[in-house]
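**Student:** Okay, predicted coordinates and the sequence, questions at the end:
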Amino acid sequence: MSEVTLWSAVWCAPCGPLKAWVAEYYPNVLIKDIEEGAPNSIKSLPALETFDKEIITGARDIRMYLAWMDDEDWYR
């Protein structure tokens with residue numbers, strides 16, 4: 001199974017609070033800095049790379065996606 005990865009950067013204002021929230025509630029989501037070699041398909045931050053390599057951007061949309069996946073019990 002592929003992994004879910006949250007891509008962020010130190011200069012990204014919404015990334016900090018989102019990273020803390022993801023780390024607390026979704027510990028199975030990998031959190032990586034864009035400087036670690038993010039995929040070329042990422043055009044804005046924060047960005048969530050899903051199991052099927054779909055890219056979701058924006059803190060609100062990322063939270064909504066993870067909440068939906070939480071209902072599916074994907075991380076347990």
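**Tutor:** Ah, there it is.
**Student:** Nearest residue to the middle of this protein?
**Tutor:** residue 6 (2.5 Å; C-alpha atoms, centre = their mean).
**Student:** Any idea how far the helix or strand containing that residue is from the middle of the chain?
**Tutor:** Secondary structure from DSSP states H and E places residue 6 in strand 5-8. Relative to the chain's own centre, strand 5-8 is displaced by 4 Å; criterion: C-alpha atoms, centre = their mean, to the nearest Å.
**Student:** Partner strands of that strand and their direction?
**Tutor:** If you go by DSSP bridges, strand 5-8 pairs up with strand 30-33 (parallel), strand 47-49 (antiparallel).
**Student:** List of residues touching that strand?
**Tutor:** 15-16, 18-19, 22, 29-34, 38, 42, 45-49, 62 (C-beta atoms under 8 Å, 6 or more residues apart in numbering). Where C-beta positions appear, they are placed from N, C-alpha and C, glycine not excepted.
**Student:** Likewise for stretch 58-73?
**Tutor:** The contact list for stretch 58-73 (C-beta under 8 Å, 6+ apart) reads 4, 6, 14, 17-18, 21-22, 25-26, 29, 44, 46-48, 50, 56, 75.
**Student:** export the strands paired with strand 5-8 to JSON lines and tack on mean pLDDT?
**Tutor:** What follows is the strands paired with strand 5-8, written out as JSON lines (pLDDT from 0 to 100):
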{"stretch": "strand 30-33", "mean pLDDT": "96"}
{"stretch": "strand 47-49", "mean pLDDT": "97"}
